[in-house]
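Enquirer: sequence unavailable; structure follows:
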Ligand SMILES: Cc1cc2nc3c(=O)[nH]c(=O)nc-3n(C[C@H](O)[C@H](O)[C@H](O)COP(=O)(O)O)c2cc1C
């Protein structure tokens, strides 16, 4: 038995599982692996490096005949970047964090489905009004950038606000229990990041993946320090959830001092990134790290999460008997 939802029907998927478009980590190989396994893989274009996008979109195109997609951070998108990505014929285009209206028409005119990731009910309404074909409701549990609302109450509120537009749940989902719960909240599937960051095909540094496996949710923190040091000007209400390391402990709550110390701190941070020193360099990860105990192929994760979710749904049905 496969789980059938509006998402699986729309794209002919075997499982309602979407790989989150993680900046620089969800490359073409990982996206293709998820799509080939019956989910929907999204390449993480993030801040929009055109050379990276060309390379990874060429790769995903070469490695799968199944539907796949691409994501960009909306406030970093440009018409040229959107055009570049559309040229590779993605089935879906995900925009997160910002006003999607400047790009919605071009994406939809290309025959591509527009997916908008939002963090609040009002943002979900705006996305639906802008023409979103799918809305992703992202809770604060998520790894990477996000806001303050928790997945559990946010998802059903977004489902109600944008019906009949299908909704996906994101934030804190790493196994079949989470996927089944998301479906019970009214979502048509789950968009999963942190769990796939620790897959074989992920572009995350091996040492960072080992940290995700070792970490507990209490080791994660929402912070702006990694945006300040990388000179990314994220606006309210966004912060990034990352593993707390020495850099984070030193500077969190001292953001002004950090901003004033960039001349000396940035070169040190740059060296740490080059050397893979993750006591300084960032590892974005969500509360789902509690549920992550291994690094395995993405196809194995899709299989595991699907099989577990099906079992959970049966358990739920049996509760009625
Ligand atoms: C390492 C990492 C990088 C991320 N980068 C992006 C990004 O570039 N664009 C984006 O829309 N979301 C990004 N996210 C957030 C995901 O889209 C998604 O909301 C999140 O991973 C879901 O929660 P989870 O990590 O608990 O599965 C990132 C998440 C992680 C863990």
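Expert: Great, that's in hand. All of these numbers come straight from a predicted model, not from anything done at the bench.

Enquirer: from the protein, which residue is nearest to the ligand?
Expert: Across the chain, the shortest distance to the ligand (C-beta to the nearest ligand atom) belongs to residue 193, at 1.9 Å. All C-beta atoms are positioned from the backbone trio N, CA, C, and that covers glycine.

Enquirer: quick one: that residue and residue 141 touch, right?
Expert: No - Residue 193 is beyond contact range of residue 141, at 10.5 Å (criterion: C-beta atoms under 8 Å).

Enquirer: show me what contacts residue 70?
Expert: For residue 70, the contact set (C-beta atoms under 8 Å, 6 or more residues apart in numbering) comprises 21, 42-43, 45, 53, 57, 85, 88, 90, 92-94.

Enquirer: quick check: the farthest pair among the residues you listed?
Expert: Greatest spatial distance in the contacts of residue 70: 53 and 92, 15.4 Å, computed using C-beta to C-beta.

Enquirer: quick revisit: which one of the contacts of residue 70 is nearest residue 300?
Expert: residue 42 (18.8 Å).

Enquirer: is residue 159 in contact with residue 186, as I believe?
Expert: Yes - under the contact definition of C-beta under 8 Å, residue 159 touches residue 186, with a separation of 3.7 Å.

Enquirer: what is in contact with the two at once?
Expert: With C-beta under 8 Å, 6+ apart, residue 159 and residue 186 have common neighbours residue 167.

Enquirer: neighbour count winner among the two?
Expert: Taking neighbours as other C-beta atoms under 10 Å, residue 159 and residue 186 compare with residue 159 leading, 21 against 17.

Enquirer: from residue 246, how far out is the more buried one?
Expert: According to C-beta to C-beta, to the nearest Å, residue 159 and residue 246 sit 41 Å apart.

Enquirer: which residues sit in contact with the residue nearest to residue 162 when sequence neighbours are not counted?
Expert: Of all residues not flanking residue 162 in the chain, residue 128 sits nearest, at 4.2 Å (C-beta to C-beta, 6 or more residues apart in numbering). Contact analysis of residue 128 by C-beta under 8 Å, 6+ apart lists 135, 161-162, 165.
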